[in-house]
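Visitor: got a predicted structure here, sequence first:
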Amino acid sequence: MTTPRISAPSVEAFSAAILRHLKLSLGKDPEHASLYDWRMSLALSLRDHVVEPWFESTRKTYEARGKRVYYLSMEFLIGRLVEDVAVNLGFEDIAEEAITALGQNYGDVVANEPDAALGNGGLGRLAACFMDSLSTLGIPAYGYGIRYEHGLFEQHFEEGAQIETAETWLSQAHVWEFERPEVTYPIHFGGHVAVEDGKTVWHAGETVMASAYDTPVLGWQGRWANTLRLWAAKPTTNFDLESFNRGDYIAASAPEALARTISRVLYPDDTTDVGKELRLKQEYFFTSASLQDLLRRFLSEGGALKDLPDHVAIQLNDTHPAIAGPELVRLLMDEHQFEVAQAITTARACLAYTNHTLLPEALERWPEDLFARVLPRHYRIIQLIEAAHFATAGETVRIFEHGEVKMGELAFVMAHHVNGVSALHSELVKETVFSDLNAAYPGRIINQTNGITPRRWLYTCNRPLRGLINDTIGTAWPDNLDQLSGLTAHVEDSAFLDRFQAAKDANKARLADWLKARDGVSVDPAAMFDVQIKRIHEYKRQLMNLLETVALWNDIRANPNGAWTPRVKLFGGKAAPGYVVAKEIIHLINDAARVINADPVTREFLQIVYPENYNVSMAEMLIPAADLSEQISTAGKEASGTGNMKFALNGAPTIGTLDGANVEIRDCVGAENFFLFGLTAAEVTARRAEPDYARTAIAASPRLSEVLDQIRSGLFSGGDRDRYVNLVNGLYDHDYFLVTCDFDAYFAAQRQVDTAFADSRTWTRMAALNTARVGWFSSDRTISGYAKDIWQAQSLLEQRDADQNVA
Ligand SMILES: *Cc1c(COP(=O)(O)O)cnc(C)c1O
C-alpha cells in the first residue's frame, strides 16, 4: 500500500553525480579533494533526491487543507544526516558502493559530518525522533526551533576535569538546509503599552528579525518529507554605513551584534530554570516567529481565524515555548480584533503542552519585573488569562505568585491537553506538580509514553542486528516495529542465538577499534560492556555507579582468584558548565579510572572507560555494543528516559529502578529479563522523611563506608583530601537522591548480573527477548498516540498513494 517513493539511480549514475558536485559545487577535482569535499559532494548528491518528495508532500498538504501539526521545541538534537538520508532514500548500498568506487572509505566520509547538536539531551533528541516519525507516518508537520550558531559545547578532559569549548558546526556550510531570505518576521521586545482610541498598542523598544532556514526531514522510504524550520536572528538594519564612514566601526556593527546574540548559543542546561533575560528573549523569539508564520500560512489559504483550531495543532515541548499562549492571544486580539474571551478559547483549542519534569528547579519561572520589562504586552495578557482561569476554576492556582510568572501553570491553563511522557510520570504529574490544576480541569492530563525512531536507533546504527532481523522476520519491521515480536519464536533456536551473539560481538569489536583509534584505549571485547551514557546529573546517579565500581574493585582485590566476570564500565556524558557537583562526579570517575585501570591485580576483571564528548554519534557507536544498560535514577525523578529504550532495542538488558519508562520496559520484556533494584517512588518519598536516612544507610553498609573512606583519604586524588570532601560530605548530610539508601541493593543486583552474564547462552536469550519485546517503544507509536488523542491529525500517505495510482 505504501510503496517506496524513490527510484534508485545506478551506482554509476550516482558516482557521476558525486563527481559533478565535487567539481561544480565544491570546485575541486578528485586528486585534490579532501574528506570534507567528498562528504559534501555525497550529501549534495543525496539531497538532490530529497527535494522532489519534499515538494510533493508540501503540495499534498496544501491540497488536503487538513490539519497541520506544529512542534515547537527549543532543542532538536539531530546528529548526523548523511547516513540517515541515504537509509531513508533506500540508497545506502548505492552510496557506499559509489564512494568506494571513487576510492574513498564510506565510514570515514560519513564520520566527517559534524553532529547537529542543537540540544542538550533527551528532550532535544525526542524532538528529532518525533520529526522522523511524523514524516514516516505522513502527517503534515513543521518542526520549529532556533538555528543556534553554536550547538552544545564540546567536552574535553584535562587531568580528568571537564573543560568546555565552543561547538562550531556552522563554521562549514550546512548542506541540508535551505535559507529562506524572503521569510522573515519582526520580533519585538521591551518598550511600553498604551491605550489609543480604545485600542491597546504595544510600542516596542527593540526589534530583531527572525529569518527562516528550512531542512527537509525525510521519512522511511522517502514516502513523505516534512520541514524543520529553524529561525536565525538578524538585525532590522544590517549595517550603519554613516557610523562606518565616520570611522566608528564598532557602532556600525552594533545592531547586528545585538540581534545575533539571540540565536548565538544553546543554553547548556535544560534541567534548571536559568532565569536569564537572554533565555526569555530566545524563547519569545522563536515562538513568536513560528506563530506569525503559521498564521500567515493559514490566512494565505483563505481560512477564517475562528476555524484556526480545525487546521492547526501546536505542541509545546516543555514550557520553553509556553509564551505561545499569550502570544497567540496577542496576535488574535491586537492584529485580528478578537475579543479577549474568544482569543483565549481559540488559542487554547490550538495548544497542547508536554511536561518533561517534576524537578521543581526545572520548572520555569520569570521574575515579574523582568518579564514585564521584556514583554510588557504579554504581561498584561497573562493577567487576562489568569482572570479567565480564576473565573472557571477558582483561585487555588495562580500564574503570578511570589513576584514570579510561573510558566508551567501558564502552559497548563492555555493547553487543551497536557501530557506526561511515561505512565509513571503522568500519574506523578497528576499527584504532585499539577494536582490542583488536575482537580480544576479533570481529564486534561493524559499520558504519551516517549519513543525512539527505530530507523536511526537500530536499522542504521546496528547493521549486524539489522541483517539478522531481516533474515528472520523479513524487512517490513522498520516502520512497523511490533513485528519484532516475531523474533520471540526463535529464542530457543541455537543458530539464531549464535547469530544474535555474533552481531553483538561484531558491534563490541567495532567499538573496541573505535576507542583504540580515537583515544588510544584498549578494551577486551570479551568482557561485559556495562554502559551508562546520558547527561551527568545527581538524580541519574552516575555517582552510585562509580561507588559500586570501587566496591567491586575492593572485592576483587580481596579475592583476586575468584571467578569474577570481566567488566568494562563505560561512562559517557556532559555536565552543565555551572553544575559543580556534576563536574566533581566526572572528575571522580576519571580519577578512579586512572587508579583502578593501573592495578595489575584487578586489570583483567575491571576497567573504567570514559570517552570524552558524548553526543548522538557516540551513542550510535556505544549502544549496539552494550551488554548492560544502566538506568539507575532515583525513582520518581526520570520522567521517561529514551536511552533506556535504545539499549533494550539493541539487545542490552537493563539494570534499573522502577522509574520513568523503565517500568513499561520491564512490563514488556518480562521481569525475568530485567535487573530490578531499589526503592520505589513512594518509598523514596517516605525514606526522605526519616531523620538521618543517609547516615543510617552508610553505617549499615561496611562496603559503602569503605568506599567513601577511600575517596576521602585521597586514594584517587593523589593524596588530595580536599578534592572530594564536598561530594562525600554531601552524601552524609543531604543525599537527596538516595545514593546511600539504594547502594546495597544496586551492588547485589550487579552480582546477579555477573552470574547471569557468565551463562552466556541464557544471557543471549535474555538480550534477544529484550529486542523482540520492545517494539512498542517506536516513536511511530508515540506519534500515532499524539495524533489520535491530542492533535486529531491524519496521515496523508494513503491519500497520496491513491492519487498516484490514478496518475
Ligand atoms: C537518547 C539520548 C539522550 C537521552 O538519554 P537518557 O538516558 O534518556 O537520559 C541524551 N543524549 C543523547 C546524545 C541521546 O542520544
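Guide: Perfect, thanks for sending it. Only a predicted model underlies this, so the values are computations on that prediction, with no experimental measurement involved.

Visitor: only C-alpha atoms from now on, for both contacts and neighbour counts.
Guide: Will do.

Visitor: measure the nearest residue to E492 once chain neighbours are set aside to the ligand for me?
Guide: In this structure, E492 finds its nearest non-sequential neighbour in R765, 7.6 Å apart by Cα to Cα, 6 or more residues apart in numbering. Here the criterion is Cα to the nearest ligand atom, to the nearest Å. By it, R765 lies 24 Å from the ligand.

Visitor: contacts for the helix or strand where R765 lies, please.
Guide: Taking DSSP states H and E as the definition, one finds R765 inside helix 760-773. Residues from elsewhere that reach helix 760-773 (Cα atoms under 8 Å, 6 or more residues apart in numbering): 484-488, 491-492, 497, 500-501, 648-653, 668-669, 673, 756-757.

Visitor: state the mean pLDDT of that helix.
Guide: Averaging pLDDT along helix 760-773 gives 98.

Visitor: can you name the next helix or strand after that helix?
Guide: Downstream of helix 760-773, the next assigned helix or strand under DSSP H and E is helix 779-786.

Visitor: chain center to that next one, what's the gap?
Guide: Distance of helix 779-786 from its chain centroid, counting by Cα atoms, centre = their mean, to the nearest Å, is 16 Å.

Visitor: that helix vs the ligand: in contact?
Guide: No - on the criterion Cα under 6 Å from any ligand atom, helix 779-786 is out of touch with the ligand, staying 12.3 Å away.

Visitor: the contacts of helix 760-773 in helices, which ones?
Guide: L497, F500, Q501, A648, L649, C668, V669, A756, F757 (DSSP state H).

Visitor: so who does the first one touch?
Guide: If I follow you right, that is L497. H490, V491, R761, T764, R765, A768.

Visitor: count of neighbours near the last one?
Guide: Using other Cα atoms under 10 Å, A768 has 27 neighbouring residues.

Visitor: so how far is F500 from it?
Guide: Computed as Cα to Cα, to the nearest Å, the A768 to F500 distance reads 7 Å.

Visitor: spell out which parts of the protein neighbour the ligand.
Guide: Checking the chain against the ligand by Cα under 6 Å from any ligand atom, the hits are G121, G122, R125, K534, N615, V616, A619, G641, T642, G643, N644.

Visitor: out of these, which sit inside strands?
Guide: If you go by DSSP state E, the residues of the chain next to the ligand have nothing in strands.

Visitor: can you put the residues you listed in JSON lines and add neighbour count and pLDDT?
Guide: Shown next, in JSON lines, are those (neighbours: other Cα atoms under 10 Å; pLDDT from 0 to 100):
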{"residue": "G121", "neighbour count": "25", "pLDDT": "97"}
{"residue": "G122", "neighbour count": "20", "pLDDT": "97"}
{"residue": "R125", "neighbour count": "23", "pLDDT": "98"}
{"residue": "K534", "neighbour count": "24", "pLDDT": "98"}
{"residue": "N615", "neighbour count": "26", "pLDDT": "98"}
{"residue": "V616", "neighbour count": "18", "pLDDT": "98"}
{"residue": "A619", "neighbour count": "21", "pLDDT": "98"}
{"residue": "G641", "neighbour count": "25", "pLDDT": "98"}
{"residue": "T642", "neighbour count": "23", "pLDDT": "98"}
{"residue": "G643", "neighbour count": "23", "pLDDT": "98"}
{"residue": "N644", "neighbour count": "24", "pLDDT": "98"}
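
Visitor: mind listing which of the residues you listed are in helices?
Guide: G122, R125, V616, A619, G643, N644.

Visitor: farthest-apart pair in those, please.
Guide: V616 and N644 (14.4 Å; Cα to Cα).

Visitor: returning to what we had before: let's see the helix holding R765 as PDB, backbone CA atoms only.
Guide: What follows is helix 760-773, C-alpha atoms only, in PDB (Å, rounded to 0.1, in the frame of the first residue of the first chain):
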ATOM      1  CA  SER A 760      26.300 -16.900  28.000                       C
ATOM      2  CA  ARG A 761      23.500 -18.800  26.300                       C
ATOM      3  CA  THR A 762      21.000 -17.700  28.800                       C
ATOM      4  CA  TRP A 763      22.300 -14.100  28.600                       C
ATOM      5  CA  THR A 764      22.000 -14.000  24.800                       C
ATOM      6  CA  ARG A 765      18.400 -15.300  25.100                       C
ATOM      7  CA  MET A 766      17.600 -12.600  27.500                       C
ATOM      8  CA  ALA A 767      19.200 -10.000  25.300                       C
ATOM      9  CA  ALA A 768      17.200 -11.300  22.200                       C
ATOM     10  CA  LEU A 769      14.000 -11.200  24.200                       C
ATOM     11  CA  ASN A 770      14.700  -7.500  25.000                       C
ATOM     12  CA  THR A 771      14.900  -6.700  21.300                       C
ATOM     13  CA  ALA A 772      11.900  -8.900  20.500                       C
ATOM     14  CA  ARG A 773       9.700  -7.300  23.100                       C
END
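
Visitor: so which residues of the stretch 151-300 of the chain form helices?
Guide: 241-245, 249-261, 277-300 (DSSP state H, counting those that start in this stretch).

Visitor: check the stretch 401-550 of the chain too.
Guide: Secondary structure of the stretch 401-550 of the chain, counting by DSSP H, counting those that start in this stretch: helices at 407-413, 423-431, 435-440, 454, 463-473, 494-519, 542-558.

Visitor: ok, the closest residue to D436 other than its chain neighbours - contacts?
Guide: Nearest non-adjacent residue to D436, counting by Cα to Cα, 6+ apart: V397, 6.8 Å away. The neighbours of V397, taking Cα under 8 Å, 6+ apart as the test, are E409, D436, L437.

Visitor: what is the neighbour count of the first one?
Guide: Same thing as E409. For E409, using other Cα under 10 Å, the count is 23.

Visitor: T396 is in contact with that one, correct?
Guide: No - shown here, E409 and T396 do not form a contact pair, counting by Cα atoms under 8 Å, at 11.6 Å.

Visitor: just give me the residue closest to the centre of the chain.
Guide: R125 (2.1 Å; Cα atoms, centre = their mean).

Visitor: and the residue nearest to that residue when sequence neighbours are not counted, its phi and psi?
Guide: The shortest distance from R125 to any non-neighbouring residue, by Cα to Cα, 6+ apart, is to L77 (4.6 Å). When read as degrees, to the nearest 10, the backbone of L77 gives phi -100, psi 90.

Visitor: check what pLDDT L241 gets.
Guide: In this model, L241 carries a pLDDT of 74.

Visitor: now do the one 3 residues further on
Guide: Here, the pLDDT recorded for F244 equals 73.

Visitor: wait, it sits on A252?
Guide: Yes - at 5.2 Å, F244 and A252 qualify as touching, with contact defined as Cα under 8 Å.

Visitor: and the two? Which one has more around it.
Guide: A252 (19 against 14).

Visitor: run a quick neighbour tally on the nearest residue to that one once chain neighbours are set aside.
Guide: Computed as Cα to Cα, 6+ apart, the closest residue to A252 that is not its neighbour in sequence is D240, at 4.6 Å. By other Cα under 10 Å, 17 other residues sit near D240.

Visitor: please enumerate the strands of the stretch 101-250 of the chain.
Guide: Along the stretch 101-250 of the chain, counting by DSSP state E, counting those that start in this stretch, strands occupy 116-118, 141-146, 154-158, 161-165, 178-189, 192-196, 199-203, 206-218, 225-235.

Visitor: those: which one's closest to G660?
Guide: Among these, strand 116-118 sits nearest to G660 (Cα to Cα), with 24.2 Å.
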